[in-house]
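*Asks:* Predicted model follows, preceded by the sequence.
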Amino acid sequence: MRPPERTLMNERIPRFYRELVVINEHGENLGTMDADKALALAHEAELDLVLVNQNVRPPVARIVDHGKYQYEQEKREREGKKKKTVSELKAVRMRPGTDDHDLDVKLRNVIRFLNEGHKVKCSVMFRSREITRPEMGRQALERFVQATQDIAVVEREPSVDGRFMIMILAPKPGVAQAAKKAQEAEKAEPEPETSGEAAK
C-alpha cells in the first residue's frame with residue numbers, strides 16, 4: 001500500500017533538510033546527523049525514515065516501520081476521539097413556586113449533565129405579576145449554584161430576559177473525566193462474597 005503523499009519519508013524527505021535529529025526504532029535519540037546518513041541507517045535496519053516534526057530546527061525524524069507507525073498514529077487518534085467529550089447546552093426549567101421535591105429532581109439532572117461534560121441553562125419562568133418578584137427565581141437558581149459549586153462555575157449570572165430569569169452553569173475542567181473514572185472504578189469493584197451455606 002502506497003503511503004499518503006503528506007507523509008514525508010525516506011527519499012521524499014526534502015533535500016533542504018540537510019540535518020535531522022534522529023530517533024531510532026528503540027526510541028533512543030541518536031542526536032543530529034546528516035540526512036543521508038540517517039536514511040542509510042534506516043535502510044540498514046530494513047525500516048523507514050519518517051519525518052515526524054518539521055516545525056523545529058533541525059527537524060525530527062524517526063526510524064520506524066512506517067506501516068506500523070501509521071497504524072499506531074491512527075489508533076491514538078481514534079482513542080482520542082472516543083475520550084473527547086462532546087459538549088451540549090442542556091436545559092432545565094422551573095417556576096418560582098416549584099416545590100422542593102421537583103427542585104431536587106431538576107437538581108439531580110443538572111448534576112448529571114455537568115458530570116457528562118455539558119453546560120446547563122437553568123431558567124425560571126414567571127407568569128403575570130410573578131415578574132415583579134424576581135428574588136423568588138433568584139433564590140431557586142442560587143440553590144443550584146450552591147449545590148454544584150464543586151463541579152461547576154457560573155458562566156452566565158442570573159439575569160431577566162423577557163418572562164424568564166436565565167443562568168448558565170458550565171462544568172469545571174476535568175469534571176466529566178473524573179466522573180467517568182469514578183463510574184468505572186465503581187463497576188470494577190468486586191461483589192461481596194456470600195457464604196455457600198444457607199443460614200440455619
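*Replies:* All right, it came through fine.
*Asks:* buried sites along the longest strand seen in the chain?
*Replies:* In the chain, assigned by DSSP state E, the strand with the most residues is strand 152-161. Using 16 or more other CB atoms under 10 Å as the test for burial, strand 152-161 gives 152, 154, 158. From N, CA and C alone the C-beta is placed, and that goes for glycine too.
*Asks:* So which residues of this structure form helices?
*Replies:* 35-44, 66-83, 100-115, 134-147, 175-188 (DSSP state H).
*Asks:* Against which helices or strands is the longest one packed?
*Replies:* Using 3 or more CB pairs under 8 Å, 6 or more residues apart in numbering; DSSP states H and E as the contact criterion, the secondary-structure elements in contact with helix 66-83 are strand 48-53.
*Asks:* Which elements pack onto the strand it packs on?
*Replies:* Counting contacts by 3+ CB pairs under 8 Å, 6+ apart, strand 48-53 is packed against strand 19-23, helix 35-44, strand 60-64, helix 66-83.
*Asks:* in its sheet, what does the first one sit against?
*Replies:* Going back to what we said before, that points to strand 19-23. Sheet partners assigned to strand 19-23 using DSSP bridges are listed as strand 29-34 (antiparallel), strand 60-64 (parallel).
*Asks:* Of these, which is nearest Ile23?
*Replies:* Proximity to Ile23 (CB to CB) singles out strand 60-64 among the strands paired with strand 19-23, at 4.6 Å.
*Asks:* Contacts for the closest one next, please.
*Replies:* 13, 20-25, 35, 38, 41-42, 45, 47-53, 69 (CB atoms under 8 Å, 6 or more residues apart in numbering).
*Asks:* quick check: mean pLDDT across it?
*Replies:* Averaged across strand 60-64, pLDDT comes to 93.
*Asks:* tilt between that strand and strand 48-53?
*Replies:* With axes from the mean of the first three to the mean of the last three CA atoms, to 10 degrees as the basis, strand 60-64 and strand 48-53 are set at 150 degrees to each other.
*Asks:* so can I have a markdown table of the helices and strands packed on strand 48-53 showing distance to Gln177?
*Replies:* Shown next, in a markdown table, are those (distance: least, CB to CB, whole Å):
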| stretch | distance to Gln177 |
| --- | --- |
| strand 19-23 | 30 |
| helix 35-44 | 39 |
| strand 60-64 | 30 |
| helix 66-83 | 8 |
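*Asks:* and the ones you listed, which one's lowest on average pLDDT?
*Replies:* Looking at these, the weakest mean confidence is helix 66-83, a mean of 79.
*Asks:* Mind listing what's buried along that one?
*Replies:* 66, 69-70.
*Asks:* if we can go back for a sec, would you turn the buried residues of strand 152-161 into a markdown table with pLDDT and distance to Ser123?
*Replies:* A markdown table is the format used below for the buried residues of strand 152-161 (pLDDT from 0 to 100; distance: CB to CB, whole Å):
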| residue | pLDDT | distance to Ser123 |
| --- | --- | --- |
| Ala152 | 94 | 16 |
| Val154 | 94 | 14 |
| Pro158 | 92 | 10 |
